[in-house]
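let's see this in three dimensions:
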Amino acid sequence: MNKLAQLRELTSVVADTGDIESIRKYAPVDATTNPSLLYKAAQMAQYRQLVDVAIEKGSVLSADQRMHRILDQLAVNFGVEILKIIPGRVSTEVDARLSFDTDATVRKAEELIELYHHAGISRDRVLIKIASTWEGIRAAEILEKRGIHCNLTLLFSFAQAAACADAGVTLISPFVGRILDWHKKHEGVDGYPAHKDPGVLSVTRIYNYYKRNGYETVVMGASFRNTGEILELAGCDLLTISPDLMADLGAAEGEVPVKLSAGNAAADGESRIELDENGFRWMINEDPMATEKLADGIRSFTRDTEKLEDLIGEIAQAPRAAAG
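Model prediction:
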């Protein structure tokens, strides 16, 4: 078997894309989307109908509500199409501009779940993606108690992971590649051996901590830069992988050994810690990589959301211009 096929026997493989055809090709269990991926997919001609339907449904609302509803409807439209292909769940992201507002995040998540409900999709097939700020984690805690499952994203630190587990979050997405990017830049190196990759080490630490302490929260490594990072995390609960890297793994031969396991975690995992808000914020403050990458990630997703809004505005105006 090729390496992708072997990896599937050890780990649940998730597609990290908004491109429905790529998901159809690689047949992952789950799929994740975010504003950057939706912006890219919305520009593809084959998905224009999904954009048009979102614009049509949002057009009946007042001007101050219209764009928010169009963005939500567009994300759900893509999610519904993806769920026709995969057997598992799709992750749909809350607007990054709400990352520091617990109440607004809860409301937005419930609105997204309601749109999925109207489309005939059960909440059990949806994960709501929320940035791993203190406010986002508190929102996820509320949502989980209401039966809405969450995927905590933009996760770069052990503090974020520990707080998510204590909040009863369903799933976390540590960003392996972005951790690597930061360390390469700040340490002035071209790269690391896979087993010493800072992103790989971070996910390994979190995985072992969760398994040793019996947390039900599962770990989904994300944002990979190369196949070496992926293979070094074989055995992780889930790995979300871009179509390009899945293609590389599918073309590669050789053995894929288990790197992470619940059995080994009993010996390698750390004892449980308790974090209140002060402790959480202090640990983040003491981690310059996590501080910088969390803020940068929120800004990046916000910029792509704003670009998506501009694109939708142009598409919505086009028929009027043609009619005039």
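
center of the chain, which residue is that?
Nearest to the centroid of the C-alpha atoms of the chain, with distances taken as CA atoms, centre = their mean, sits Thr153, at 5.0 Å.

what's opposite it in the beta bridge?
When bridges are taken as DSSP bridges, the partners of Thr153 come out as Ala131.

ok, the nearest residue to Trp182 once chain neighbours are set aside to Gly147 distance?
Spatially, and ignoring its direct neighbours in sequence, Trp182 is nearest to Met289 (4.7 Å; CB to CB, 6 or more residues apart in numbering). Placement of C-beta: from N, CA and C, glycine included. According to CB to CB, to the nearest Å, Met289 stands 34 Å off from Gly147.

give me the more crowded residue out of these two.
Using other CB atoms under 10 Å as the criterion, Met289 and Gly147 rank with Met289 on top: 18 against 9.

OK, contacts around Gln6?
By CB atoms under 8 Å, 6 or more residues apart in numbering, the contact set of Gln6 is Glu255, Val256.

shouldn't it be within a strand?
No. Gln6: not assigned to a strand; according to DSSP: H, G, I helix; E, B strand; the rest coil it is helix.

which residues touch the residue nearest to the centre of the chain?
Asn34, Ser91, Glu93, Lys129, Ile130, Ala131, Ser132, Ser173, Phe175, Ala222.

count the neighbours of Phe158 for me.
Residues near Phe158, counting by other CB under 10 Å, number 19.

do the same with the one 3 residues further on
Neighbour count of Ala161, defined by other CB under 10 Å: 26.

which residues touch the residue nearest to Gly235 when sequence neighbours are not counted?
Leaving aside its chain neighbours, Gly235 sits nearest to Leu260 (3.8 Å; criterion: CB to CB, 6+ apart). Counting by CB under 8 Å, 6+ apart, Leu260 makes contact with Thr204, Tyr207, Asn208, Leu233, Ala234, Gly235, Cys236.

I'd assumed Ala262 was in contact with the third one.
By that I understand Asn208. No. The pair Asn208 / Ala262 is not scored as a contact, 9.1 Å apart, by CB atoms under 8 Å.

which one of the two has more residues nearby?
Shown here are Asn208 and Ala262; by other CB under 10 Å, Asn208 has more neighbours (21 against 15).

which element is that one on?
Taking DSSP states H and E as the definition, one finds Asn208 inside helix 198-212.

run the chain-centre distance for that helix.
Taking CA atoms, centre = their mean, to the nearest Å, one finds helix 198-212 lying 17 Å from the centre of the chain it belongs to.

for it, C-alpha coordinates in PDB please.
Taking Å, rounded to 0.1, in the frame of the first residue of the first chain, the C-alpha atoms of helix 198-212 are listed here in PDB:
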ATOM      1  CA  PRO A 198       8.500  22.100  16.700                       C
ATOM      2  CA  GLY A 199       5.000  21.700  15.400                       C
ATOM      3  CA  VAL A 200       5.200  17.900  15.600                       C
ATOM      4  CA  LEU A 201       6.700  18.100  19.200                       C
ATOM      5  CA  SER A 202       3.800  20.400  20.200                       C
ATOM      6  CA  VAL A 203       1.100  18.000  18.900                       C
ATOM      7  CA  THR A 204       2.800  15.000  20.400                       C
ATOM      8  CA  ARG A 205       2.900  16.700  23.800                       C
ATOM      9  CA  ILE A 206      -0.800  17.600  23.600                       C
ATOM     10  CA  TYR A 207      -1.800  14.100  22.400                       C
ATOM     11  CA  ASN A 208       0.100  12.400  25.200                       C
ATOM     12  CA  TYR A 209      -1.300  14.800  27.800                       C
ATOM     13  CA  TYR A 210      -4.900  14.100  26.700                       C
ATOM     14  CA  LYS A 211      -4.500  10.300  26.600                       C
ATOM     15  CA  ARG A 212      -2.700  10.000  29.900                       C
END
